[in-house]
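Asks: Structure for this input, please:
(chains A and B)
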Amino acid sequence: MLNRELWRSRPEVVQKALEARRSEAPLDELRQADERFRKLQAELDGKKAELNRRSREVGALFSAGKREEGEALRRSLGELSKSIAELEKELTAVRGEVERLELFLPNIPHPSVPEGKDERSNRVERVWGEPPRFAFQPRSHWDLGPALGILDFERAGRIAGARFAVLWGQGAALERALITFMLDLHRSRGWREVYVPFLVNRECLVGTGQLPKFAEDLFRVEGTDFYLVPTAEVPVTNLHRGEILEEETLPRRYCAYTPCFRAEAGSYGRDVRGLIRQHQFDKVELVHLATPETSYQELEVLTHQAEAVLQALGLAYRVVTLCTGDMGFAAAKTYDLEVWLPGQGCYREISSCSNCEDFQARRAELKYRPKGGGKAQYLHTLNGSGLAVGRTLIAILENYQQEDGSVVIPEALRRYLGGQELLAPEP
RNA sequence: GGAGGGGUGGCCGAGCGGCUAAAGGCAGCGGUCUUGAAAACCGCCAUCCCGCAAGGGAUCAAGGGUUCGAAUCCCUUCCCCUCCGCCA
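Replies: Next up is the predicted model:
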């Protein structure tokens, strides 16, 4: 959510941001509703002030023993009381409208974000590692995986449907090893691990910005107020909802593993093959809570931490800054990490690291108390994948494949697989 | 699922129809005192909304109701605690 002051007093700034994002958020409608809201509020407050004053008089008259005068005044207030109730109803409706519309305004991009309408305007910041060279035609993971007997889309389709996968044997173990490996790496560098519910309530999703606008991307458990988490960002960022944290305890750096569930509505026909786009996937997430002064520093820290995972695994990647038209709703600035996939012959997103500034903090009531006291302030929230586990598994298969179809296990991972060095076909 | 108890300011806790935005304590901030600190004493110290301001309004888990007037009475929901039942 944006600061109300901003769209009230400088709507042109917000309008410009909306255009840069190619957003059709209802700014004009919002401002009209707000206009009505303020008028009603002033009118109602005046009437309430009068009622309050005269109600106190009633009490005073009675306690002074002036029963008749008090009784007369009491009777005369009925109408005022009624008209207040009516106005109040109206105000509630208008306020509700303002609050509803407000939730549809996306965050304002940071000045350092490149302008552009789609991913072609993203800016490459740096490239790490060399894509491996093969003396043969490298295969894609959807060929390698089933051939190794570790990836099974057919049976996944049978027990669930499209966009699900079954991992067998070494594949299942590799997935689990990756999760543990990533969490260990983050913990060893000071991130605090947290294990959270995989179902969350509606307020959390409003807090991080998935709702109300992106309901069709989510799975909801029928007959309940629970949603399956689309990312650990949701439960973890909302952990301190309604709290006021001491500045001394900032920044907070958290990491969490959760499965993620996404409806992927509207992505029919995109990435239908393989593990790229699934309804369910594992992810280790990094979440930072920071002061406004340090949040952009923290974005660098967070991004470098996500990169450390790729580096430890020896996977070539590049870092791009998303342009205004490609950024997510809540983000002010986003770096994507794109890993090299030899089977596809391109870089593919494997992590997305964002500073949401105070956008989520306003929605989720996340505040901190400045050093030496003073008014509580909204803090800044950041999140990033560290990393998407399924896509990491893909990257390993495709980058470490050998001509005979076996796959070398990256050094750093071997201790998590009982010293195993090679993925060879399973019976 | 059944029975009971409870949700008040950063924290603890009193209030149980008008004199209460809310006693008291703790924490915090400022001051007196002190070489400095502690102690003692004095003062300040919730959030949000409208308003240029003066000021006004709202908020005692949430929503509804009774009333001229509700933190206080009634109803509903949510959450927490205790006991019983069931359960991985």
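Asks: Relative to the lowest-mean-pLDDT helix or strand in chain A, what are the paired strands and their orientations?
Replies: For chain A, counting by mean pLDDT, DSSP states H and E, strand A:244-246 ranks last in confidence among helices and strands (a mean of 84). Using DSSP bridges, the strands paired with strand A:244-246 are strand A:367-369 (parallel).
Asks: Now do the buried residues in the least confident helix or strand of chain A.
Replies: Within strand A:244-246, the residues that qualify as buried are residue A:245, counting by 16 or more other C-beta atoms under 10 Å. In this view, the C-beta of every residue, glycine as well, is placed from N, C-alpha and C.
Asks: immediately after that strand, which helix or strand?
Replies: Following strand A:244-246 in sequence order, the next helix or strand is strand A:252-261 (DSSP states H and E).
Asks: so what secondary structure elements neighbour that next one?
Replies: Judged by 3 or more C-beta pairs under 8 Å, 6 or more residues apart in numbering; DSSP states H and E, strand A:252-261 is in contact with helix A:169-188, strand A:192-193, helix A:233-237, strand A:280-290.
Asks: One more pass at 10 Å, please.
Replies: helix A:169-188, strand A:192-193, strand A:226-228, helix A:233-237, strand A:280-290, helix A:295-312, strand A:380-388, helix A:389-399 (3 or more C-beta pairs under 10 Å, 6 or more residues apart in numbering; DSSP states H and E).
Asks: ranking the ones you listed by mean pLDDT, which is last?
Replies: Of all those, mean pLDDT reaches its minimum on strand A:226-228 (a mean of 89).
Asks: give the contact list for residue A:198.
Replies: Residue A:198 sits next to A:226-229, A:232, A:235, A:258-261 when contact means C-beta atoms under 10 Å, 6 or more residues apart in numbering.
Asks: Selection in ChimeraX covering whichever of those residues are buried, please.
Replies: Per 16+ other C-beta under 10 Å, the buried members of the contacts of residue A:198 correspond to this ChimeraX selection:
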select /A:226,227,228,229,232,235,258,260,261
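Asks: just to revisit the earlier point, looking at the helices and strands packed on strand A:252-261, which is closest to RNA strand B?
Replies: Minimum separation from RNA strand B across the helices and strands packed on strand A:252-261 (C-beta to the nearest atom of the strand) falls at strand A:226-228, 10.3 Å.
Asks: Return the distance of the closest one from the chain's centre.
Replies: The chain centre lies 15 Å from the centre of strand A:226-228; the measure is C-alpha atoms, centre = their mean, to the nearest Å.
Asks: Over to stretch A:129-144?
Replies: Using C-alpha atoms, centre = their mean, the offset of stretch A:129-144 from its chain centre is 32 Å.
Asks: So for that stretch, mean pLDDT?
Replies: So the average pLDDT for stretch A:129-144 ends up being 96.
Asks: Using PDB, write out every CA atom in that stretch.
Replies: The C-alpha trace of stretch A:129-144 is given here as PDB (Å, rounded to 0.1, in the frame of the first residue of the first chain):
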ATOM      1  CA  GLY A 129      30.600 -18.400 -14.500                       C
ATOM      2  CA  GLU A 130      31.000 -19.900 -18.000                       C
ATOM      3  CA  PRO A 131      28.300 -22.000 -19.500                       C
ATOM      4  CA  PRO A 132      29.700 -25.500 -19.800                       C
ATOM      5  CA  ARG A 133      30.800 -26.800 -23.200                       C
ATOM      6  CA  PHE A 134      29.600 -30.100 -24.400                       C
ATOM      7  CA  ALA A 135      31.200 -32.400 -27.000                       C
ATOM      8  CA  PHE A 136      27.700 -33.600 -27.700                       C
ATOM      9  CA  GLN A 137      24.200 -32.100 -28.000                       C
ATOM     10  CA  PRO A 138      23.100 -31.400 -24.300                       C
ATOM     11  CA  ARG A 139      19.700 -32.800 -23.500                       C
ATOM     12  CA  SER A 140      16.900 -31.100 -21.600                       C
ATOM     13  CA  HIS A 141      16.000 -32.300 -18.100                       C
ATOM     14  CA  TRP A 142      12.700 -33.600 -19.300                       C
ATOM     15  CA  ASP A 143      14.600 -36.100 -21.400                       C
ATOM     16  CA  LEU A 144      17.400 -36.700 -18.800                       C
END
